[in-house]
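J.: Just a sequence and a predicted model for now, questions to come.
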Amino acid sequence: MKITFPDGNVREYENGLTSVQIAESISEGLARNVLSATVNGEMWDATRPIDEDATIKFHTWKDSEGKYAFWHSSAHLLAEALEALFDNVKFGIGPPIENGFYYDIDTGDTILTPEDFTRIEKKMLELAQQKNEFERKEISKADAIAYFKEKNDTYKLELLEDLEDGTITFYTQGEFTDLCRGPHIPHTGKIKAIKVMSLAGAYWRGDETRKQMTRVYGITFPKQKELKEYLELLEEAKKRDHRKLGQELELFMFSEKVGSGLPIWLPKGTQIRERLQNYLRQEQEKRGYKMVVTPHIGGKDLYVTSGHYAKYGEDSFQPIHTPREGEEFLLKPMNCPHHCEIFGHRPRSYKELPLRIGEFGTVYRYEQSGELHGLSRVRGFTQDDAHIFCTTEQLKDEFLDVLELTTQVLEKMGFDDFTAQISLRDPDNPEKYIGSDENWDAAEAAIIDATKEVDMETVTELGEAAFYGPKLDFMIKDALGRKWQLGTIQVDYNLPDRFELEYIGSDNQAHRPVMIHRAPFGSMERFMSILIEHTAGKFPLWLTPEQFVLIPVDNKFAPYCEEMKARLAQHDIRGFVDDRNETIGKKIRDNELKRIPLLLIIGENEINAGGVSVRQQGGEDLGAMSVESFVEWFNAQL
RNA sequence: GCCGAUGUAGCUCAGUUGGCCAGAGCAGCUGAUUUGUAAUCAGCCGGUCGGGGGUUCGAGUCCCUUCACCAGCUCCA
């Protein structure tokens, strides 16, 4: 048979050789490292015989496919260990994930606890050392059902219901057999380092009306050292957690009395927030946005009209009432209905379009208690919201302009690792959405076309649209790799319909505008959380609350420091004097921990020279400078 | 909302099988020290052990309940 390699080379091999054997013909090292292979475009076990001409690509620990197989096999190993250690364990699914793998299990009356972890790890290691091969077997549906009936594995039986006879495979390693598509690594002995990470509840098949199983998370590595490094990386990531840094740097707080999920911005956090807002305000002003301010509550009818009440009425903060008249108001969960009222409050001419109405609008949404998470998921937050009312002809250019603004914001913050996600409606659940198919088709096409036009790399998710329209969402990961939606751009034909918005065209006829909802930051809260985690609290110079601290070597130099502070203030450089009665070492340490970017040391020498000595956060010493050269250097850093 | 864990001073944490006035470091305050690039020294202050209820001669330790927080699931206009 002819085997074609990724580099285009073709070599002749005897029929029936496995990927491992083929790898052996190239190098022993490769054969040892190969974990799985892509054979004719399909993911295969490296130990599966190939008996026809094929293209082949080997996968090792270095690529994601190799890791996928490694962790998938590790999930089986975990299951084998659990079955050996506990009676009557029923198994759900056990896939690899981005970092490791999990297995969903039903342990009946037994409750697993973290105390069991060591025991499980030991058992897994013991089984791994047996170097059991993963044996693949094609099996008939009837036999597969019989096997799991015998085992009383009800979840596997349910999974089998959806599978077609003739496509079903079993994998066996040691004493454990699982329903599985594969591929798997050659044998368990490749797994050298094992850590059971955590336990969590997970609904069977992601359905909250069904049984909650126990999800056991784990991670494994081919080398002990890699596990150690991974755990250290996790520790480092935890130090960047915005909840921890937010407290340490006094950026924001929560109060049980104020209420959970209701962040309180402290002075330093507020400074950063306002600088972010000012930056965006300027950008928007350049682009012709007009700012507005609307109330935090709105009459219930407003949301009945918008459709929010029907969709979220039960699941939102309940209406508040005027005591005498009994009128009903809702805390606003969105700004768009208010902005629609602004558009509709007087006749509009096509000459006014596109009308771009912006607001840093604070909204309140009831989020389930289990969802609240620092600043990332809260019940009260401020959107950097704007609504663009335009004609269908203008839609594309407006969308592109917003797209450009949004990517510019991400760039400015140095967030280069984002995913642009096109969130479309779920074709199987049309009842979740308002408006006509025509409206939806047009809106979805607008987003898809615009991203194509600028060659933006996107992923598409069905069912992630808002109920009134599709979205282009910008997803960013936090320190621990969890994905969050920041910026969003939404095309909406439906709310203009609902609010019966009209403009008079050049033809003197009434026309319906299209609406773009957009928020480049998303919300100030969530944006801040990501900003904190990405910078580890070392904010860019232009954003940081305090750019420098002046540290007198001796407090008798404090008056000179105050003068220096005033001089720098004239150049819009902000900071403070640390004239506490402490040693210089202590002051340096404290201000380093506060992430002050520039530590300016003042002593006899500096005073005589009329300058400052500059130490950058992190320890780099730039030496003595005159005030003029410091200002120049500083401005070059911005 | 669900599952599991956690909750002791402003922060980080000790507190043995329930048993004398609940401890430490940092922070804070007071004083001494006057400092040249990541912690000067001493003294003092500070907690009804998340809240409520119960068991017990006795509860930070055990039980119930409630709240908050953490991990994940579900949800996310």
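T.: Noted; the coordinates are in hand.

J.: And chain A, what are its domain boundaries?
T.: A:2-60, A:65-237, A:262-292+A:346-535, A:548-637 (automatic domain parsing).

J.: JSON lines for those, including mean neighbour count, distance to RNA strand B and mean pLDDT?
T.: Placement of C-beta: from N, CA and C, glycine included. JSON lines is the format used below for these (neighbours: other Cβ atoms under 10 Å; distance: least, Cβ to the nearest atom of the strand, whole Å; pLDDT from 0 to 100):
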{"stretch": "domain A:2-60", "mean neighbour count": "16", "distance to RNA strand B": "23", "mean pLDDT": "95"}
{"stretch": "domain A:65-237", "mean neighbour count": "17", "distance to RNA strand B": "3", "mean pLDDT": "95"}
{"stretch": "domain A:262-292+A:346-535", "mean neighbour count": "18", "distance to RNA strand B": "2", "mean pLDDT": "97"}
{"stretch": "domain A:548-637", "mean neighbour count": "16", "distance to RNA strand B": "2", "mean pLDDT": "96"}
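
J.: How far does stretch A:250-260 sit from its chain's centre?
T.: 23 Å (Cα atoms, centre = their mean, to the nearest Å).

J.: got the buried residues for it?
T.: Buried residues in stretch A:250-260, counted by 16 or more other Cβ atoms under 10 Å: A:251-252, A:254.

J.: For it, what is the spacing between the initial and final residues?
T.: One end of stretch A:250-260 to the other measures 18 Å (Cα to Cα, to the nearest Å).

J.: Ok, stretch A:452-470 next?
T.: Using Cα to Cα, one end of stretch A:452-470 lies 16 Å from the other.

J.: what's the residue positioned nearest the centre of chain A in contact with, if anything?
T.: In chain A, the C-alpha nearest the mean C-alpha coordinate belongs to A:Lys483, at 1.5 Å (Cα atoms, centre = their mean). The neighbours of A:Lys483, taking Cβ atoms under 8 Å, 6 or more residues apart in numbering as the test, are A:419, A:475-477.

J.: right, and A:Ile584 touches A:Asn555 too?
T.: No: judged on Cβ atoms under 8 Å, A:Ile584 makes no contact with A:Asn555 at a distance of 10.4 Å.

J.: beta partners for the residue nearest to the centre of chain A?
T.: Here A:Lys483 sits in beta bridges with A:Lys477, going by DSSP bridges.

J.: how close does it sit to A:His59?
T.: Look at A:Lys483 and A:His59: by Cβ to Cβ, to the nearest Å, they are 25 Å apart.

J.: One more: A:Met564?
T.: A:Met564 is 60 Å from A:His59, where distance means Cβ to Cβ.

J.: cool, A:Lys123 as well?
T.: 27 Å.

J.: Kindly report the same for A:Val612.
T.: Counting by Cβ to Cβ, the separation of A:Val612 from A:His59 is 56 Å.

J.: got the contact list for A:Cys340?
T.: Applying Cβ under 8 Å, 6+ apart, we find A:Cys340 in contact with A:306, A:387, A:495-496, A:499, A:501, A:515.

J.: I'd assumed it was in a helix, is it?
T.: Yes: applying DSSP: H, G, I helix; E, B strand; the rest coil, one finds A:Cys340 inside a helix.

J.: so what pLDDT did it get?
T.: pLDDT recorded at A:Cys340 is 98.

J.: quick one: it from RNA strand B, how far?
T.: 12 Å (Cβ to the nearest atom of the strand, to the nearest Å).

J.: Also A:Glu248?
T.: 7 Å.

J.: What are the neighbouring residues in contact with that residue?
T.: A:Glu248 makes contact with A:537, A:593, according to Cβ under 8 Å, 6+ apart.

J.: Same question for the one 10 residues further on.
T.: With contacts taken as Cβ under 8 Å, 6+ apart, A:Val258 has the following neighbours: A:Ile264.

J.: quick one: secondary structure of it?
T.: coil.

J.: what do you get for A:Trp71?
T.: State at A:Trp71, reduced to three classes by three-state DSSP: helix.

J.: now the strands for the stretch 351-500 of chain A?
T.: All strands of the stretch 351-500 of chain A, identified by DSSP state E, counting those that start in this stretch, fall at A:355-364, A:380-390, A:418-424, A:458-462, A:471-477, A:483-492.

J.: returning to that earlier point: mutual contacts of A:Ile584 and A:Asn555, please.
T.: Residues touching both A:Ile584 and A:Asn555 (Cβ under 8 Å, 6+ apart): there are none.

J.: moving C-terminal of the strand or helix carrying A:Phe101, what's the next helix or strand?
T.: Element membership for A:Phe101, per DSSP states H and E: strand A:100-106. Following strand A:100-106 in sequence order, the next helix or strand is helix A:117-129 (DSSP H and E).

J.: Pull the contacting residues for the closest residue to A:Gly344 other than its chain neighbours.
T.: Spatial nearest neighbour of A:Gly344, excluding adjacent residues (Cβ to Cβ, 6 or more residues apart in numbering): A:Leu501 at 5.4 Å. A:Leu501 is in contact with A:340, A:343-344, A:348, A:389, A:495, A:512-513, A:515, counting by Cβ under 8 Å, 6+ apart.

J.: A:Gly189 now?
T.: A:Gly189 makes contact with A:128-132, according to Cβ under 8 Å, 6+ apart.

J.: same thing but at 7 Å, please
T.: Residues near A:Gly189 by Cβ atoms under 7 Å, 6 or more residues apart in numbering: A:128-129, A:131.

J.: Out of those residues, the closest to A:Leu231 would be?
T.: Closest to A:Leu231 out of those is A:Ala128 (18.6 Å), distances taken as Cβ to Cβ.

J.: Is the closest one in contact with A:Leu77, as I believe?
T.: Yes: if you go by Cβ atoms under 7 Å, A:Ala128 and A:Leu77 touch, sitting 6.1 Å apart.

J.: Give the residues shared as contacts by those two.
T.: Counting by Cβ under 7 Å, 6+ apart, the residues touching both A:Ala128 and A:Leu77 are A:188, A:191.

J.: And the contacts of stretch A:270-286?
T.: Taking Cβ under 7 Å, 6+ apart as the rule, stretch A:270-286 contacts A:265, A:358, A:360, A:384, A:405, A:409, A:520-521, A:524, A:528, A:539, A:542-543, A:545.

J.: repeat that for 10 Å
T.: Identification of contacts with stretch A:270-286 by Cβ atoms under 10 Å, 6 or more residues apart in numbering yields A:249, A:251-252, A:264-265, A:289-291, A:356, A:358, A:360, A:382, A:384, A:386, A:405, A:408-409, A:412-413, A:519-521, A:524-525, A:527-528, A:531-532, A:539-540, A:542-546, A:574.

J.: for stretch A:459-467, same thing?
T.: Contacts of stretch A:459-467 (Cβ under 10 Å, 6+ apart): A:306-308, A:310-312, A:334, A:419-429, A:432-435, A:440, A:443-444, A:447-448, A:451, A:470-471, A:473, A:475, A:485, A:488, A:490, A:492, A:494, A:517.

J.: Check stretch A:136-154 too.
T.: Here stretch A:136-154 makes contact (Cβ under 10 Å, 6+ apart) with A:44-45, A:47-48, A:83, A:88-92, A:106, A:155-161, A:163-172, A:177-184, A:204, A:211.
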